[in-house]
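J.: next input, structure requested:
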Amino acid sequence: MLSRRVLLVCLIAFAAAIAGVFVGRLATDTPRANETELHALLHSQLDLTAAQKGRIDTIEADFAGRRRALEQEMRAANVALAQAIEAEHGYGPRVTGAIDHSHRVMGTLQKETLEHLFAMRAVLDRDQARMFDKSVVKALTADAR
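T.: A predicted model of the protein is given here:
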């Protein structure tokens, strides 16, 4: 009987770890690929003025710290979820609370990422903004195809 419990705890811990990696990758890896594409567009294809480059560099630097903080909070939320799963061995109130917290952090990261994108867009002229918008739409819909 004891060996079954140990096996069950190990399986739940393993599942929690896999879930944490999956959620973490969703929260951090995908936006970076899209950001790389947008960064390339901003710095190589939009023919930015020196003033625009300076403003965008400042916007990017300001957001980089905030993004790192939110990504760290996501990692901590994943740990809390794993601990809740390990403690409850089921879908209980701690697991539910940990999931809700993880979703709040992911939502905050998404909202702040969009605020960051709109701040950069505000620096662009009309033609540049049109190209930027197309790139954002392409990045957001790439997985839907």
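
J.: what helices or strands is the helix or strand harbouring Gln128 leaning on?
T.: Gln128 is part of helix 126-141, with elements assigned from DSSP states H and E. Judged by 3 or more CB pairs under 8 Å, 6 or more residues apart in numbering; DSSP states H and E, helix 126-141 is in contact with helix 2-40, helix 93-121. The way it works is simple: take the backbone N, C-alpha and C, and place the C-beta from them, glycine included.

J.: which of those helices has the lowest mean pLDDT?
T.: Least confident of the helices and strands packed on helix 126-141, judged by mean pLDDT, is helix 2-40 with a mean of 56.

J.: so after that helix, what's the next helix or strand?
T.: helix 50-88.

J.: how about that following helix: buried residues?
T.: 52, 55-56, 59-60, 63, 67, 70-71, 73-75, 77-78, 80-82, 84-86 (16 or more other CB atoms under 10 Å).

J.: please apply the same query to stretch 138-145.
T.: So stretch 138-145, judged by 16+ other CB under 10 Å, has buried residues Ala139.

J.: any idea how far Asp62 is from Gln72?
T.: Per CB to CB, to the nearest Å, Asp62 is found 17 Å from Gln72.
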